[in-house]
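Chemist: Predicted model and sequence below, questions to follow.
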Amino acid sequence: MGFSGLIRWTNAPTTGLELVAQNILKNHQGTYKGKWQISMKSFRSTLGSVPGFQVPVERSMCTLTVDDNVFCVLEDPAAPMRGEYLAQAAEFARAQPGMTLPQPTHYRHTFPTLSPPNALEQLLAQLRARWVPVRQTGGSNTAPGPSGQKSLGLATGAHLTVDGHVYAIGSDWLVRAGNVTISPGGAMKGMLLEAEYVPLPVMEETFEMQPVLTDLLLSILPNVSDLRIVAMTLGEWQWAEVEWDTEEDLERETERKKTQPDEDDIYAADGDHPQYNKSDWVGIDRDRRSAYLIIGVLKQEGLL
C-alpha cells in the first residue's frame with residue numbers, strides 16, 4: 001500500500017463507472033481486482049439542549065466504514081487547531097521565558113479508529129449520548145429517562161455509500177472508482193476515483209508526488225463534455241493536524257531509540273528493510289488517510 005490521491009467527479013453520468021472501467025482496461029491495460037464499498041454517516045451533538053449547559057457551537061462527527069473498521073472524524077469548532085496552539089505557545093514562551101502555555105484538552109479535529117462497524121452506534125445508544133444523525137428521518141423511540149424527558153437515541157438517518165471496483169495498472173498502481181449515492185432513495189451524487197502508488201509508503205517533503213497522482217487520475221477519466229472535477233491530496237502538514245494524539249507516542253519512541261546503543265554493523269543483509277513508522281501509508285494507516293480525504297471532500301461539498 002502506498003501514497004494516494006483523490007478525484008471527485010461531481011457531475012458523473014449514470015454510465016460514468018462503466019466508462020472509467022473501459023478506459024482503464026482498454027487504454028491502460030488494467031486488470032480487475034475486486035469490489036470497492038464504503039459507507040458514511042454524519043452526526044451532530046445536541047449539547048445545547050441540556051438544561052444549564054451552554055456550548056458556543058455544536059460538534060460534528062462523520063464516520064466512514066470500510067471492511068471491519070470505522071474511521072471517525074470529530075470536529076469541535078470551538079477548540080483550537082493544533083498549528084494555532086503551537087504558534088501561540090511559541091509566542092507565549094518568548095514573552096514569558098520559563099513559562100509554558102497550558103495545552104488544551106483536545107484540538108479541533110480528533111480521528112479515532114473503531115471496530116467492529118456497529119460498535120459506535122451501540123455505544124452512543126447505551127450511553128444515551130447527545131448525538132443525533134444528520135438528515136434524520138425519524139424521531140427517537142427511546143423510553144423517557146428519570147427526568148421525564150426522552151433521551152436522544154439514534155434513529156435511522158440518511159447516509160452515503162460508495163459502490164465501485166478496484167483495478168490494478170501494472171504492478172505500481174491501484175485505482176478505485178465508485179458511484180456516490182444517498183440512502184435511502186439511491187440518488188446518485190457523482191463519483192469518487194482514488195489512485196494509489198503502491199511503491200511509495202511515505203511522502204517525503206522534498207518529493208512532490210501530487211502531480212503524478214493527479215495526472216494518472218485525469219488520464220483514466222472519460223472524454224466527456226462539461227467535466228466537473230475536484231482533485232485532492234493530503235500533505236504531511238495537514239496530516240499532522242489530524243494525528244496530534246499519536247505525536248506524543250512517536251516522540252516517546254524516538255527518545256527510546258536514542259537511549260539504545262548503536263550497533264557498529266558495516267554489513268547490510270539482503271533482508272534488511274526500513275523500519276515501519278506510524279506515519280507511513282501502509283495497512284490501516286493508509287486506509288485512515290484515504291478515509292480522511294474522502295470525508296473531507298464530501299464534507300466540503302455539503303454531502304456530509
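Modeler: Cool, got the structure.
Chemist: In terms of helix, strand or coil, where does the nearest residue to residue 3 once chain neighbours are set aside fall?
Modeler: Closest residue to residue 3 apart from its sequence neighbours, by C-beta to C-beta, 6 or more residues apart in numbering: residue 200 at 4.5 Å. (Each C-beta comes from the backbone N, C-alpha and C, glycine too.) What DSSP: H, G, I helix; E, B strand; the rest coil gives for residue 200 is coil.
Chemist: For residue 200, grab the count of nearby residues.
Modeler: A count of nearby residues for residue 200, using other C-beta atoms under 10 Å, gives 19.
Chemist: Give me the local confidence score for it.
Modeler: Confidence at residue 200, expressed as pLDDT, is 74.
Chemist: do the same with the one 10 residues further on
Modeler: Here, the pLDDT recorded for residue 210 equals 70.
Chemist: again with residue 281
Modeler: You'll see residue 281 listed with a pLDDT of 52.
Chemist: Number of residues surrounding residue 62?
Modeler: If we define neighbours as other C-beta under 10 Å, then residue 62 has 23 of them.
Chemist: My understanding was that it contacts residue 294; is that so?
Modeler: No: look at residue 62 against residue 294 with C-beta atoms under 8 Å: they stay out of range, at 9.7 Å.
Chemist: Give me the below-cutoff pLDDT ranges for the protein.
Modeler: Flagging of the chain using pLDDT under 70 yields the residue ranges 1-2, 135-158, 201-209, 235-238, 240-241, 243-283.
Chemist: any common contacting residues for residue 62 and residue 294?
Modeler: residue 40 (C-beta atoms under 8 Å, 6 or more residues apart in numbering).
Chemist: before we move on, what SS does residue 36 have?
Modeler: Per three-state DSSP, residue 36 ends up strand.
Chemist: and it, what does it touch?
Modeler: Per C-beta under 8 Å, 6+ apart, neighbours of residue 36: 162, 163, 164, 165, 166, 176, 177, 178.
Chemist: which residues does the first one contact?
Modeler: So that's residue 162. Contacts of residue 162 by C-beta under 8 Å, 6+ apart are 36, 37, 38, 39, 40, 178, 179, 180, 181, 192, 294.
Chemist: From these, which land in helices?
Modeler: residue 294 (DSSP state H).
Chemist: Just the buried subset of the contacts of residue 162, written out for ChimeraX, thanks.
Modeler: Filtering those down to the buried ones (16 or more other C-beta atoms under 10 Å) takes a single ChimeraX command:
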select :36,38,39,40,178,179,180,181,192,294
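Chemist: which stretches of the chain form strands?
Modeler: Listed in chain order, the strands found in the chain under DSSP state E are 3-9, 31-45, 60-66, 69-75, 109-110, 113-114, 131-133, 159-169, 173-183, 187-197, 229-232.
Chemist: Pick the most buried one from those.
Modeler: strand 3-9 (a mean of 23; mean count of other C-beta atoms under 10 Å).
Chemist: which helices and strands does that strand pack with?
Modeler: strand 187-197, helix 210-220, strand 229-232, helix 283-301 (3 or more C-beta pairs under 8 Å, 6 or more residues apart in numbering; DSSP states H and E).
Chemist: quick one, it and helix 283-301 angle?
Modeler: If you take axes from the mean of the first three to the mean of the last three C-alpha atoms, to 10 degrees, strand 3-9 sits at 30 degrees to helix 283-301.
Chemist: Now strand 3-9 - C-alpha only, PDB.
Modeler: This file holds the C-alpha atoms of strand 3-9, laid out as PDB (Å, rounded to 0.1, in the frame of the first residue of the first chain):
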ATOM      1  CA  PHE A   3       0.600   7.200  -1.200                       C
ATOM      2  CA  SER A   4      -2.900   8.000  -2.500                       C
ATOM      3  CA  GLY A   5      -4.800  10.900  -4.200                       C
ATOM      4  CA  LEU A   6      -8.500  11.500  -4.900                       C
ATOM      5  CA  ILE A   7     -10.600  13.000  -7.600                       C
ATOM      6  CA  ARG A   8     -14.300  13.900  -7.100                       C
ATOM      7  CA  TRP A   9     -16.300  13.800 -10.300                       C
END
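Chemist: and that strand, how far out from the chain's middle?
Modeler: 12 Å (C-alpha atoms, centre = their mean, to the nearest Å).
Chemist: Run the angle between that strand and strand 187-197 for me.
Modeler: 150 degrees.
Chemist: Let me see the ranges of the helices in the stretch 1-150 of the chain.
Modeler: In the stretch 1-150 of the chain, the helices defined using DSSP state H, counting those that start in this stretch lie at 16-27, 82-95, 119-126.
Chemist: Dump stretch 84-100 to CSV, restricted to CA.
Modeler: Below are the C-alpha coordinates for stretch 84-100, written out as CSV (Å, rounded to 0.1, in the frame of the first residue of the first chain):
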residue,chain,number,x,y,z
GLU,A,84,-2.7,27.6,16.1
TYR,A,85,-1.9,26.3,19.6
LEU,A,86,1.8,25.7,18.7
ALA,A,87,2.1,29.2,17.3
GLN,A,88,0.5,30.7,20.5
ALA,A,89,2.7,28.5,22.7
ALA,A,90,5.9,29.7,21.0
GLU,A,91,4.8,33.3,21.3
PHE,A,92,3.9,32.8,25.0
ALA,A,93,7.3,31.2,25.6
ARG,A,94,9.1,34.2,24.1
ALA,A,95,7.0,36.7,26.0
GLN,A,96,7.3,34.8,29.3
PRO,A,97,10.6,32.8,29.5
GLY,A,98,10.3,29.7,31.6
MET,A,99,6.5,29.5,31.3
THR,A,100,4.5,27.2,29.1
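Chemist: Appreciated, that's everything.
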